[in-house]
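Asker: coords below, sequence missing:
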């Protein structure tokens with residue numbers, strides 16, 4: 001996680017941090033906790049999407065193999 005996404009600029013990250021702080025009334029500990037919970041949730045969502053995509057690709061290969069005349 002040391003490589004920041006090239007699409008994220010430092011000012012984007014600063015704005016996001018400001019949002020979390022504002023939402024938590026300046027409480028940095030709660031802001032960090034909330035940001036980490038969101039990051040974990042997003043990672044889990046991405047992993048689930050990747051798994052679904054992988055399964056659909058695998059099924060496509062199997063279906064394609066079964067439909068081809070031999």
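Answerer: Structure received. Treat the numbers as computed from the prediction; the structure is a model and nothing was measured.

Asker: which residues of the protein score low on pLDDT?
Answerer: 1-6, 58-70 (pLDDT under 70).

Asker: would you list every one of the helices in it?
Answerer: Listed in chain order, the helices of the chain (DSSP state H) span 10-23, 28-67.

Asker: Output the contacting helices and strands for the last one.
Answerer: By that I understand helix 28-67. Here helix 28-67 touches helix 10-23, going by 3 or more C-beta pairs under 8 Å, 6 or more residues apart in numbering; DSSP states H and E. The C-beta positions use only the backbone N, C-alpha and C, and glycine is treated the same way.

Asker: chain center to the helix it packs on: distance?
Answerer: With C-alpha atoms, centre = their mean, to the nearest Å as the basis, helix 10-23 stands 18 Å off its chain's centre.

Asker: In terms of secondary structure, what does that helix contact?
Answerer: So helix 10-23, by 3+ C-beta pairs under 8 Å, 6+ apart, packs with helix 28-67.

Asker: What residues sit buried inside the helix it packs on?
Answerer: Buried residues in helix 28-67, counted by 16 or more other C-beta atoms under 10 Å: 31, 35.

Asker: Okay, angle between it and helix 10-23 too, please.
Answerer: Helix 28-67 runs at 120 degrees relative to helix 10-23, counting by axes from the mean of the first three to the mean of the last three C-alpha atoms, to 10 degrees.

Asker: So what's the gap between helix 28-67 and the chain middle?
Answerer: With C-alpha atoms, centre = their mean, you get 8 Å for helix 28-67.
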